[in-house]
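J.: Provided below are the primary sequence and the corresponding predicted coordinates.
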Amino acid sequence: MYMNKTKRNLIMASAILNIITVTISLVMSIIAVADADFLEKYSEYYYFVGYSTNIVFAVISFAVGLAGSILLLYSIRKKGKYFRRSYGIYVAGFVIIVLCGGWIAWVLLFISAFIPDIIVMNDRADLRREAKEHEKEEILHNREYEEKKRKIEELKRLRDNGTITEEEYKEKLFELL
């Protein structure tokens, strides 16, 4: 089973865009604290990225946003093979991005929420391998059945010949079954 590539790519893009957004926001906050006139001069170029003049808030926002992106990327590791097992990590990253991330990352995450998680892909080799395993199990089951049947017939023969008593026959039959 593999994770849906579209969902995985949207989550990955959201995490990467969030990292970029929170980094730009941190840099702009540092610039805003250092030189407020610079930001006013170029304000039309960064209308979709927020910044704060409180540097502590900017650093905390950066750290939390980065943590959310890392959680999202961790949840889709190994091509999403373990996505179902790490669903809680995904939800935590999702919530953190929604609370602390940029709006582009939000949109991508909300779109990915409506895409199915897993696609089951069985190629012919997998199907043949499963059929062979089933066939082997069937053969082993038949062998065990035939072996038990042979032993029961042997016990009946020994009892009928008088080699073993009725009690011994029942005891060995009970052990066998």
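T.: Nice, thanks for sending it over. Numbering: from 1, shown residues only.

J.: May I see the domains of the chain written out as residue ranges?
T.: Per the record, the chain has its domains at 2-119, 124-176, by automatic domain parsing.

J.: where among those domains is the average confidence lowest?
T.: Mean pLDDT per stretch puts domain 2-119 lowest among the domains of the chain, at a mean of 79.

J.: Measure how far the lengthiest helix in the chain is from the centre of its chain, please.
T.: The longest helix of the chain (DSSP state H) is helix 124-161. Mean-position distance between helix 124-161 and its chain equals 38 Å (Cα atoms, centre = their mean, to the nearest Å).

J.: before we move on, what about stretch 160-167?
T.: Worked out by Cα atoms, centre = their mean, stretch 160-167 lies 61 Å from the chain centre.

J.: Just the terminal-to-terminal distance for it.
T.: 13 Å (Cα to Cα, to the nearest Å).

J.: Make 53 the first number, not 1, from now on.
T.: Will do, 53 is the new start, and the previous item becomes stretch 212-219.

J.: Show me what it is in contact with.
T.: Residues outside stretch 212-219 that contact it (Cβ atoms under 8 Å, 6 or more residues apart in numbering): 207, 210-211, 224. Using the backbone N, CA and C atoms, a C-beta is placed for each residue, glycine as well.

J.: just to revisit the earlier point, point out the most buried one among the domains of the chain.
T.: domain 54-171 (a mean of 17; mean count of other Cβ atoms under 10 Å).

J.: Nearest the geometric middle of the chain, what residue?
T.: The chain has residue 135 as the residue nearest its centroid, 1.3 Å off, counting by Cα atoms, centre = their mean.

J.: What strand or helix carries that one?
T.: Applying DSSP states H and E as the criterion places residue 135 outside every helix and strand.

J.: Name the nearest residue to residue 146, ignoring sequence neighbours.
T.: Using Cβ to Cβ, 6 or more residues apart in numbering and skipping residues adjacent in sequence, the residue nearest residue 146 is residue 161, 5.7 Å away.
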